[in-house]
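Undergrad: sequence and predicted structure, then a few things I'm wondering about:
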Amino acid sequence: MKYGELGRSGMNVSKICLGTMHFGPKATEEESHAILDKALSMGITFIDTANVYGGETARGRSEEIIGTWFAARPGVRDEVVLATKVYGAMGDLGPANNNRGFSAYKVRKHLADSLQRLRTDRIDVYQIHHIDERVSAEEFWGTYERIVTDGDVLYAGSSNYSGWGLAKRQMQAWQRGFVGFVSEQTQYNLLSRVPELEVLPAAQDFGIGVIVYMPLAGGLLTGKTESLDGSRTNQVEREYGIRIGPENRQFRDFSQLCRELGEPEHVVATAWVLQHPAVASAIVGVRTVDQLAGLDRAAELELDDAALQRLNEIFDINDGRRIGQGRSPEAHSW
């Protein structure tokens, strides 16, 4: 396993981050604990969750499962970097405040509840789950400054932000003498190159470490030749407007290249996102212990220029200048 600093912080995280969205809905507590044990033995010391994870009827369940894992393994809490999120409705604040967004009022309760479920005294990276354009700079950073001063949170992070959103918030933080965001979570993979336009350059310039989610595009980049109705891969097929199968030349060519490299598809796809200089870590959301296989290799694999060029050719439609690939404004200007 390889490690690196998360943004401008002095904190190191593993290049692979364990995502826990499936803990509860897809993996039992026992299975989830086994996944956590295996991940830690592989050197994966970065764990990501959210207060809303657990399913529509059991929000908070993912955090609870991680909390029981900590409780059953004394000392393990200090071996990992723990990240969770706030923004979504938890159904616990009454109709006037039971909505999505960020406020000092919401954070007061939701942070306390997350700490209780996780059975810990602090959150290492407390991330706003989505950009909230309504909240003022004073309330936003004043809230983060308070919870950091209290010791309940060590670092602030963002998720699903735009490039301009990162720039705006980071400048506000620095004007207040606060460190600002150390991380940004964004969806990035060989099939979703839009972050290359502005999010990745902005994050890199402002010293914000990017944590990539869906590096395997929900299973599309794992070498599958078919998806089951109702599966996550089937859902992503619809979202991306792509069908896997023998008739799809992109996926055939990708699998062929992976065979030539002597590496599985999921390893190559994960290694590709990690090779971007803005990316600090890639989140893998697994449902079984077996799905962790090879991910330590993905953290170590360095693709050469020839392999990177071939991947660009496979997953680019025409001449490398389509919208969504390359840095703004060069990618969409004449």
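TA: Everything's here; your move. Numbering: from 1, shown residues only.
Undergrad: could you list the buried residues of the lowest-mean-pLDDT helix or strand in the chain?
TA: Lowest by mean pLDDT, DSSP states H and E among the helices and strands of the chain is helix 232-240, with a mean of 85. Residues of helix 232-240 classed as buried: 232-234, 236-237 (neighbour count, 16 or more other C-beta atoms under 10 Å). Quick note: C-beta positions are derived from backbone N, CA and C, even for glycine.
Undergrad: same check on stretch 206-220?
TA: Quick answer for stretch 206-220 (16+ other C-beta under 10 Å): 206, 208-220.
Undergrad: what mean pLDDT would you report for that stretch?
TA: Averaging pLDDT along stretch 206-220 gives 96.
Undergrad: using CSV, write out every CA atom in it.
TA: This file holds the C-alpha atoms of stretch 206-220, laid out as CSV (Å, rounded to 0.1, in the frame of the first residue of the first chain):
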residue,chain,number,x,y,z
PHE,A,206,-5.6,25.3,-3.9
GLY,A,207,-3.9,22.4,-2.2
ILE,A,208,-7.1,20.3,-1.9
GLY,A,209,-6.6,16.5,-2.1
VAL,A,210,-9.1,14.8,-4.4
ILE,A,211,-10.7,11.7,-3.1
VAL,A,212,-12.2,9.9,-6.1
TYR,A,213,-15.5,8.0,-5.8
MET,A,214,-16.7,5.5,-8.4
PRO,A,215,-13.3,4.9,-10.0
LEU,A,216,-14.8,1.7,-11.5
ALA,A,217,-17.9,3.5,-12.7
GLY,A,218,-20.2,1.4,-10.6
GLY,A,219,-18.8,-1.9,-12.0
LEU,A,220,-18.6,-0.9,-15.7
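Undergrad: tell me how far that stretch lies from the chain's centre.
TA: A distance of 5 Å separates the centroid of the chain from that of stretch 206-220, by C-alpha atoms, centre = their mean, to the nearest Å.
Undergrad: cool, and stretch 14-29?
TA: How far stretch 14-29 lies from its chain's middle: 12 Å, per C-alpha atoms, centre = their mean.
Undergrad: and the strands in the stretch 151-300 of the chain?
TA: Using DSSP state E, counting those that start in this stretch, the strands of the stretch 151-300 of the chain run over residues 153-159, 181-187, 209-213, 279-285.
Undergrad: now do the last one and strand 209-213, the angle between them.
TA: In other words, strand 279-285. Relative orientation of strand 279-285 and strand 209-213, computed by axes from the mean of the first three to the mean of the last three C-alpha atoms, to 10 degrees: 20 degrees.
Undergrad: what strands line up against strand 279-285, and which way round?
TA: Using DSSP bridges, strand 279-285 pairs in its sheet with strand 16-19 (parallel), strand 209-213 (parallel).
Undergrad: count the neighbours of N248 for me.
TA: 14 (other C-beta atoms under 10 Å).
Undergrad: so how far is V273 from it?
TA: Note on N248: its distance to V273, by C-beta to C-beta, to the nearest Å, is 21 Å.
Undergrad: and if you look at L311?
TA: 11 Å.
Undergrad: next one: R100
TA: Distance from R100 to V273, by C-beta to C-beta: 27 Å.
Undergrad: quick one, which of the two is more surrounded?
TA: For R100 versus V273, the count of surrounding residues by other C-beta under 10 Å is larger for V273: 22 against 12.
Undergrad: my read: the more buried one touches L191, true?
TA: No. Assessed by C-beta atoms under 8 Å, V273 is found out of contact with L191, at 11.2 Å.
Undergrad: tell me where the stretch 1-150 of the chain has strands.
TA: Under DSSP E, counting those that start in this stretch, the stretch 1-150 of the chain gives strands at 3-5, 12-14, 16-19, 46-48, 81-86, 123-128.
Undergrad: now the ones you listed in a markdown table, with distance to V179, mean neighbour count and mean pLDDT?
TA: Output for the strands of the stretch 1-150 of the chain, formatted as a markdown table (distance: least, C-beta to C-beta, whole Å; neighbours: other C-beta atoms under 10 Å; pLDDT from 0 to 100):
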| stretch | distance to V179 | mean neighbour count | mean pLDDT |
| --- | --- | --- | --- |
| strand 3-5 | 13 | 15 | 98 |
| strand 12-14 | 16 | 23 | 98 |
| strand 16-19 | 21 | 26 | 98 |
| strand 46-48 | 19 | 27 | 98 |
| strand 81-86 | 16 | 25 | 98 |
| strand 123-128 | 12 | 25 | 98 |
